[in-house]
Every structure is written in structure tokens, then in C-alpha cells.
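Chemist: Quick one: sequence and predicted model below, then my questions.
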Amino acid sequence: MWIIAEEMRWVRDEIWPIPERYTGRVEDPSLWPPDARAARVFFFTGVSPHR
């Protein structure tokens with residue numbers, strides 16, 4: 001997509017809270033739902049340099 005760096009920060013700021021909701025489970029297995037499995041979420045944002 002064509003986007004400026006500030007807009008990319010907005011995208012990150014809107015998306016990041018979703019996986020962040022579950023980070024407490026890392027330290028407290030009692031919060032794991034039944035049948036929970038370990039998963040990795042990889043999220044990267046970046047704006048290409050000027051050409």
C-alpha cells in the first residue's frame with residue numbers, strides 16, 4: 001500500500017493491541033484456555049526508503 005510513515009504508525013497502533021491482550025498468559029499458565037497451544041505472532045511495519 002502507499003502510505004506515509006505517520007499513517008504506518010497509526011496502523012501499528014491499531015493492530016498491536018489485539019495480540020497484546022494475550023501477553024499475560026505467557027507468565028500465568030492458569031490463564032490458558034483449554035486446548036490452548038503456543039503460537040507466534042510476527043508483525044512488522046516499515047516504510048520503504050525514498051527511491
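Modeler: The structure has been received and is ready for your questions. Numbers count the residues shown, from 1 in each chain.
Chemist: Is the residue lying closest to residue 19 once chain neighbours are set aside in a helix, a strand, or coil?
Modeler: In this structure, residue 19 finds its nearest non-sequential neighbour in residue 41, 4.7 Å apart by CB to CB, 6 or more residues apart in numbering. Where C-beta positions appear, they are placed from N, C-alpha and C, glycine not excepted. Under DSSP: H, G, I helix; E, B strand; the rest coil, residue 41 falls in the coil class.
Chemist: how close does residue 41 get to residue 18?
Modeler: Look at residue 41 and residue 18: by CB to CB, to the nearest Å, they are 9 Å apart.
Chemist: Point to the residue nearest the middle of the chain.
Modeler: Among the residues of the chain, the one closest to the centroid is residue 16, at 3.9 Å (CA atoms, centre = their mean).
Chemist: Hmm, that one is touching residue 41, no?
Modeler: No: with contact defined as CB atoms under 8 Å, residue 16 does not reach residue 41; the gap is 10.1 Å.
Chemist: Straight-line length of stretch 42-51, end to end?
Modeler: Length of stretch 42-51, first residue to last, CA to CA, to the nearest Å: 27 Å.
Chemist: quick one: contacts of it?
Modeler: Residues outside stretch 42-51 that contact it (CB atoms under 8 Å, 6 or more residues apart in numbering) are 3, 4, 5, 8, 9, 11, 12, 15, 16, 19.
Chemist: element containing the last one, please.
Modeler: Here residue 19 sits within helix 17-20, counting by DSSP states H and E.
Chemist: So what touches the lengthiest helix in the chain?
Modeler: With secondary structure taken from DSSP state H, the chain has its longest helix at helix 5-15. Residues outside helix 5-15 that contact it (CB under 8 Å, 6+ apart): 3, 43, 45, 46, 47.
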